[in-house]
Structures are given as C-alpha cells and as structure tokens.
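fold the following.
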Amino acid sequence: MTERRARRKPGENRARLVQAGLHEFGLYGYQGASTARIAARAEVPQPHVYTNFTGKPELFLACLDEALDRVHTRDTALLAAAELLIYQALATALDPDHGAVIRHRLADVLTPAHRDQIVLAAASRLARGELLGE
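All right, here's what the predicted structure looks like:
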C-alpha cells in the first residue's frame, strides 16, 4: 500500500504552482511552458492547476506579479528566476491576446532603467548557461 502525503495547508498548492511557474515560464517563455511540467515541478496533480487558476494565462500573470514583487522588493529568494520570467514577459508583451495586460503590469512597476537592468541580467545568465539549475 502506498503512503499518503500529508494534507497541505490552504493556498499551499497555489503558492507551489506560482513558484514552479517562475522557473518554467522563465526558462521556456509563455508559449514554451507546459502546465504539466509546472504541476510536476510543484509536486501537485495537474488538475490542481485548473482548480487554482482559470488557465495558463492566469497562472502566467500570477507568476509575473510574483516576479515583479520579488524584483521590486529585491527579495533574493528566486530573484534570478523572477528576472528571467520578466525577461520572457517582455517578449510576450507583443502577444496580441495577452500583451496589453502584460505591458500594463510591467509599466506599473518597472522604470525603463530598471527594465533594462533586468534584461541585461537575464540575458547575461542565459548567455552563461545559468538556467536555474536545469
């Protein structure tokens, strides 16, 4: 008989999915990220993605909000992942379906100088092959 895992606290699966999404969206961008990989990384059954979020767009925006908060507060936990996700969000900002919302969220938090600093840091990490432990 298999052992059951301990029951998680309310909101814990959502938090785990956002943390996993920071990595997946940062590494693969919006189009390349998979909700199945995000769920697996979060150690959450995939149906829980859709219990906590209406779909991939809402999960991406929740991850973007978390990334912007971490960068704004200079929270060093997952800062590299946050910067990579913002880098990917800048590319996704041109998407006709989701771009307007993303541009609005980025403009609310990032100054042009701060945006440029994040892009340079993320591009440097990618060029050096620092892919968040992948």
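
list the buried residues of the lengthiest helix in the chain.
When the chain is parsed with DSSP state H, its longest helix is helix 12-32. The neighbour-count check on helix 12-32 (16 or more other Cβ atoms under 10 Å) flags 13-14, 16-27, 29-30 as buried. Glycine gets a C-beta too; all of them are placed from N, C-alpha and C.

burial of P96, as a residue count?
6 (other Cβ atoms under 10 Å).

could you say which helix or strand holds it?
P96 is part of no helix or strand when elements are defined by DSSP states H and E.

and the pLDDT at it?
pLDDT for P96: 87.

ok, now L84?
pLDDT recorded at L84 is 88.

so who does the residue nearest the centre of the chain touch?
Centroid-nearest residue in the chain, with Cα atoms, centre = their mean: L22, separated by 2.6 Å. The neighbourhood of L22, defined by Cβ atoms under 8 Å, 6 or more residues apart in numbering, consists of 63, 66-67, 78, 81-82, 85.

out of the helices and strands in the chain, which is least certain?
Taking mean pLDDT, DSSP states H and E as the measure, the chain has helix 112-127 as its least confident helix or strand, at a mean of 82.

now do the buried residues in that helix.
Buried, per 16+ other Cβ under 10 Å, within helix 112-127: 115, 118, 121-122, 125.

over to stretch 30-44?
30, 33, 35, 37-39, 41-42, 44.

I'd like to know which of the residues you listed is nearest to L106.
L106 lies nearest to Y30 out of these, by Cβ to Cβ, at 13.5 Å.

state the distance from the closest residue to the closest one other than its chain neighbours to G29.
Nearest non-adjacent residue to Y30, counting by Cβ to Cβ, 6 or more residues apart in numbering: T92, 4.4 Å away. From T92 across to G29, the span is 7 Å (Cβ to Cβ, to the nearest Å).

could I get the phi/psi values of H98?
Backbone dihedrals for H98, given as degrees, to the nearest 10, come out at phi -120, psi -10.
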